[in-house]
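Peer 1: Need a 3D model of the following:
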Amino acid sequence: MRAARAAFWLRAAPAVFVMAWGGNHFTPLLSLYRDVGHYSELSVDLFLATYVLGLIPGLLISGPLSDRYGRKPLTVIGVLVGIAASLILAVSFRNEALMCAGRMLAGAGVGIGMAVGTSWLKELSMAPFDKTGDSTAGARRPSLILTLGFGLGAGASGVLAQWGPWPTATPYALHVLLSLGALAALIKAPETVRPEILAPGERPASLRDDLRVPLVSHRRFRRVILPAAPWIFATAGVAYAVIPMLEGTRLGSMTLGYATLLTVLTLGTGALVQPFVARINRATRGRALLVGMAAMIIGLVVAAVNAHYLSLVAGAAAAIMLGAAYGIALVSGLVEIQGIATGRDLAGLTGVFYSLSYLGFLLPVALAALATFANYTVLLGIVAVVCIASLTVVSTGLRRTSA
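Peer 2: Okay, the predicted model is just below:
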């Protein structure tokens with residue numbers, strides 16, 4: 001019976017995996033849309049921006065909805081939204097408006113996966129569904145599944161686009177097939193949210209009240225999570241969006257392949273380090289988030305220097321360091337969130353955390369806009385300095401809220 005219960009989280013994991021896959025498999029295709037689709041840099045940046053426009057509402061709204069109506073139905077909706085996004089993107093290569101619509105839907109699907117799916121996996125990693133997981137299983141497993149989805153999706157799509165048939169459609173077809181399999185796996189996955197039991201005469205809280213997520217005012221959230229979260233995806237974005245773009249002038253037709261390699265290196269390293277976050281937390285007395293941010297600074301410095309020299313090897317080294325930083329910071333952030341949240345507020349607060357994290361994904365767009373005023377060595381150096389300041393703020397917050 002224990003083995004059967006331990007497997008419950010694996011029934012929901014494929015859905016979270018394909019939602020993450022559907023959001024990031026577009027990233028290595030950016031050079032394809034520039035070179036083959038003849039889209040301008042502005043249009044490609046618009047595809048990135050519309051993704052975030054779908055992602056943040058998905059994160060903020062789906063979490064409270066799942067706290068009220070259950071994790072399973074919202075997860076099913078997220079997978080279906082991801083399927084719709086891939087179908088639109090597969091048939092709309094020449095239509096910029098539909099491409100933006102598809103990217104917005106993809107963002108919404110990922111938002112549901114990150115807010116609802118990760119909360120569901122966390123709950124399925126605890127008693128009574130799983131009595132074998134350790135204290136960080138509820139943060140480590142969702143983070144690992146997301147990272148694998150992000151990384152393998154980007155890797156598979158990049159390979160198919162570089163060497164496979166119908167490069168603008170095949171990556172999306174693969175995602176649709178995987179999503180259908182994930183829906184089948186969900187059939188026997190148990191619901192973890194139980195209907196709220198009210199006292200006689202008590203009225204249930206309104207959905208508007210749920211959407212407020214009052215725990216965002218928690219002192220630990222404001223002083224630790226708020227200044228750290230945007231760096232999680234900001235530095236990952238530097239690794240697999242900025243570095244390949246800088247190297248593109250040297251690589252020509254192989255830019256897509258190198259972009260795919262850096263995406264896989266970044267997210268693959270992020271996945272590999274996540275099982276070790278619990279040890280890092282114990283060794284640093286709960287300061288693993290600071291270790292992640294320190295790794296970000298090192299990676300940014302390497303990327304800044306390499307922006308001048310443009311070494312493919314140094315670019316890969318920066319991606320590995322930034323990937324390690326991403327993995328450590330993501331799991332550490334989720335551990336912090338799960339220490340703050342109650343069962344009723346978990347998905348909503350997780351959604352806010354990921355929304356803040358994904359704001360960092362706009363960093364490559366901001367750097368591209370500022371590149372007319374300074375070169376990337378200077379810009380990435382400035383980003384590293386700001387990251388140092390943020391690390392100082394987070395360190396102070398950890399110390400003061402632990403007292």
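
Peer 1: pLDDT below threshold where in the stretch 251-400 of the chain?
Peer 2: Along the stretch 251-400 of the chain, the parts satisfying pLDDT under 70 run over 342-344.

Peer 1: So which residues of it form helices?
Peer 2: Assigned by DSSP state H, counting those that start in this stretch, the helices in the stretch 251-400 of the chain fall at 255-273, 277-283, 288-309, 312-340, 346-359, 363-370, 376-402.

Peer 1: same thing with the stretch 1-150 of the chain?
Peer 2: Secondary structure of the stretch 1-150 of the chain (DSSP H, counting those that start in this stretch): helices at 2-6, 8-24, 30-35, 41-69, 71-91, 96-112, 118-124, 137-163.

Peer 1: will you turn the helices of the stretch 251-400 of the chain into JSON lines that also has mean neighbour count and distance to residue 23?
Peer 2: Glycine gets a C-beta too; all of them are placed from N, C-alpha and C. Formatted as JSON lines, those follow (neighbours: other Cβ atoms under 10 Å; distance: least, Cβ to Cβ, whole Å):
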{"stretch": "helix 255-273", "mean neighbour count": "24", "distance to residue 23": "12"}
{"stretch": "helix 277-283", "mean neighbour count": "17", "distance to residue 23": "23"}
{"stretch": "helix 288-309", "mean neighbour count": "22", "distance to residue 23": "21"}
{"stretch": "helix 312-340", "mean neighbour count": "24", "distance to residue 23": "15"}
{"stretch": "helix 346-359", "mean neighbour count": "26", "distance to residue 23": "10"}
{"stretch": "helix 363-370", "mean neighbour count": "17", "distance to residue 23": "16"}
{"stretch": "helix 376-402", "mean neighbour count": "17", "distance to residue 23": "23"}
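
Peer 1: Mind checking those helices for the one nearest to residue 37?
Peer 2: helix 255-273 (12.5 Å; Cβ to Cβ).

Peer 1: which parts of stretch 212-226 are buried?
Peer 2: Within stretch 212-226, the residues that qualify as buried are 213, 215, 216, 218, 220, 221, 223, 224, 225, 226, counting by 16 or more other Cβ atoms under 10 Å.

Peer 1: Please name whichever of the residues you listed scores lowest on pLDDT.
Peer 2: Of all the buried residues of stretch 212-226, residue 213 has the smallest pLDDT value, namely 73.

Peer 1: ok, it - contacts?
Peer 2: 63, 64, 345, 348, 349, 351, 352 (Cβ atoms under 8 Å, 6 or more residues apart in numbering).

Peer 1: measure residue 111 to residue 181 for me?
Peer 2: 22 Å (Cβ to Cβ, to the nearest Å).

Peer 1: if you count what's nearby, which of those two comes out ahead?
Peer 2: residue 111 (31 against 11; other Cβ atoms under 10 Å).

Peer 1: re the thing from before, go through the buried residues of stretch 212-226 and say which is closest to residue 145.
Peer 2: For the buried residues of stretch 212-226, the nearest to residue 145 is residue 225 (21.1 Å; Cβ to Cβ).

Peer 1: Of the helices of the stretch 251-400 of the chain, which is nearest residue 128?
Peer 2: Closest among the helices of the stretch 251-400 of the chain, using Cβ to Cβ: helix 346-359, at 16.7 Å.

Peer 1: and that closest one with helix 41-69, angle?
Peer 2: Calculated by axes from the mean of the first three to the mean of the last three Cα atoms, to 10 degrees, helix 346-359 forms an angle of 170 degrees with helix 41-69.

Peer 1: how many neighbours does residue 372 have?
Peer 2: So residue 372, with other Cβ under 10 Å, has 6 neighbours.

Peer 1: quick one, phi/psi of it?
Peer 2: The phi/psi pair for residue 372 (degrees, to the nearest 10) reads phi -80, psi -20.

Peer 1: Any figure for the gap between it and residue 379?
Peer 2: Separation of residue 372 from residue 379 (Cβ to Cβ) stands at 11 Å.

Peer 1: Then residue 33?
Peer 2: 24 Å.

Peer 1: Then residue 223?
Peer 2: 28 Å.

Peer 1: again, but for residue 188
Peer 2: 50 Å.

Peer 1: repeat for residue 237
Peer 2: Note on residue 237: its distance to residue 379, by Cβ to Cβ, is 13 Å.

Peer 1: cool, and residue 73?
Peer 2: Taking Cβ to Cβ, one finds residue 73 at 44 Å from residue 379.

Peer 1: what's the answer for residue 46, then?
Peer 2: For residue 46 relative to residue 379 (Cβ to Cβ), the value is 21 Å.

Peer 1: How about residue 314?
Peer 2: Counting by Cβ to Cβ, the gap from residue 314 to residue 379 is 17 Å.

Peer 1: cool, and residue 94?
Peer 2: Residue 94 is 33 Å from residue 379, by Cβ to Cβ.

Peer 1: number of nearby residues for residue 68?
Peer 2: The burial count for residue 68: 20, using other Cβ under 10 Å.

Peer 1: typo on my end, residue 190
Peer 2: Residue 190 has 16 neighbouring residues, counting by other Cβ under 10 Å.

Peer 1: Could you find the closest non-adjacent residue to it?
Peer 2: In space, and not counting its chain neighbours, residue 190 is closest to residue 8: 5.8 Å by Cβ to Cβ, 6 or more residues apart in numbering.

Peer 1: re earlier: which of the contacts of residue 213 lies closest to residue 288?
Peer 2: Out of those, the member with the shortest distance to residue 288 (by Cβ to Cβ) is residue 349, at 19.2 Å.

Peer 1: if I pick that closest one, what's in contact with it?
Peer 2: Applying Cβ under 8 Å, 6+ apart, the residues near residue 349 are 63, 213, 215, 216, 221, 337, 340, 341.
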